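Novice: Requesting a structural model of the entry that follows:
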Amino acid sequence: MTLVSASQPRPSIILCVPGMWSSRTELIEAIARSERGYLYAGQILMHAPTRQAFELEFHAHDPRMADAFRAAGPHWRDTPAMNAIGQHASVVYLIGPGGFRGDAHALMLAAAALLDAGGLGVKVESSGVAHSPDDWRALCTDIHLFSAHRAYVLYITGPQVYSCGMHNLGLRDAIIENAGTAAAVELLRVFTRYLVIESPTLLAGQTFSTENGAPVYRLHDDPGPDHGDNSLYTNPWGSWRLVPISMDRTTRWSGLRTAMRRLVS
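Specialist: Here you go, the predicted structure:
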């Protein structure tokens, strides 16, 4: 299932790959040598066997890149792979359409080809998570196991916990009040993975539980966090807000009592 409609523009997926290419010519030659079936000409990276094509922008060294990767990849921050990011000579941005799982998969494989051509890591600009070369290659190997969920989606914690990046796959994100960070993150991870694997047709008012006997949550339509104007993180289809059934009932009863007081006053 996808929530993309003809009246809504599809979001873009943008993948950032720093590398050791000293020039655009060197990148072209490295891609050709990688034997992944990709060709780079103009600003287009094309997979010759499938004719799938993506924009590929070449840029010089960016002094902000090392800090950006450390912030987006805390799980591999203190590794040789992360240290190598600071030594990059250039940066490329791989750009393609999001909103459909097949396109998201194709961009993952194209980024893997850039790694084989000398790339040092992958940062998903349209969600804010970064992966080491080995981790990205493993995700590409496991695409049939729904690894795109791990490639594109991360979880932000604060007064509310919410996912970011599901729009890359054409799905809503999820959000919940933070009653306990670890439990809230795990709940959203299970719920968003369920959306990716099962492609359920959901409606506001339905309920969700991770397993029998676990807490039950009611689904509500939610616009999602405000990431700011024109942010690549914004999900055009919004989010599912998960509200515990007990809290949902309390809120409804409180609203009913308020309405009754107005009627009798």
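Novice: so what's residue 182 scoring on pLDDT?
Specialist: Looking at residue 182, its pLDDT reads 82.
Novice: Could you pull up phi and psi at residue 191?
Specialist: phi -70, psi -50 (degrees, to the nearest 10).
Novice: so the nearest residue to residue 38 once chain neighbours are set aside is in which element?
Specialist: Leaving aside its chain neighbours, residue 38 sits nearest to residue 113 (4.8 Å; criterion: CB to CB, 6 or more residues apart in numbering). Bear in mind the C-beta positions are built from the backbone N, C-alpha and C, glycine included. Assigned by DSSP states H and E, residue 113 belongs to helix 101-116.
Novice: Sort out which residues of that helix are buried, please.
Specialist: 101, 103-116 (16 or more other CB atoms under 10 Å).
Novice: got it, and stretch 230-240?
Specialist: 232, 233, 234, 235, 236, 237, 238, 239, 240.
Novice: Out of those, which comes closest to residue 136?
Specialist: Distances from residue 136 to those, taken as CB to CB, are shortest for residue 232 (18.8 Å).
Novice: where do the strands sit along this protein?
Specialist: In the chain, the segments counted as strands under DSSP state E are 12-19, 38-41, 44-47, 52-60, 90-97, 122-124, 129-131, 154-156, 160-164, 173-177, 207-208, 217-222, 239-244.
Novice: what's the angle from the last one to strand 160-164?
Specialist: This means strand 239-244. Here strand 239-244 points in a direction 140 degrees away from that of strand 160-164 (axes from the mean of the first three to the mean of the last three CA atoms, to 10 degrees).
Novice: Would you mind pulling the contact partners of strand 239-244?
Specialist: Residues from elsewhere that reach strand 239-244 (CB atoms under 8 Å, 6 or more residues apart in numbering): 162-163, 172-177, 179, 187-188, 191, 202, 208, 215-225, 251.
Novice: ok, now the first one?
Specialist: For strand 12-19, contacts defined as CB under 8 Å, 6+ apart pick out 27, 62, 65, 68-69, 85, 88-98, 103-104, 107, 110-111, 114-115, 117-126, 152, 168, 232.
Novice: what do you get for the longest one?
Specialist: For strand 52-60, the surrounding residues in contact (CB under 8 Å, 6+ apart) are 21, 24, 27, 40, 43-47, 90-96, 106-107, 110.
Novice: returning to what we had before: ok, so of the buried residues of helix 101-116, who is nearest residue 157?
Specialist: Minimum distance to residue 157 across these is 24.4 Å, recorded for residue 104 (CB to CB).
Novice: list the contacts for that closest one?
Specialist: Each residue near residue 104 by CB under 8 Å, 6+ apart is listed here: 13, 98, 148, 151, 152, 168, 169.
Novice: Can you give me the distance of it to residue 218?
Specialist: 29 Å (CB to CB, to the nearest Å).
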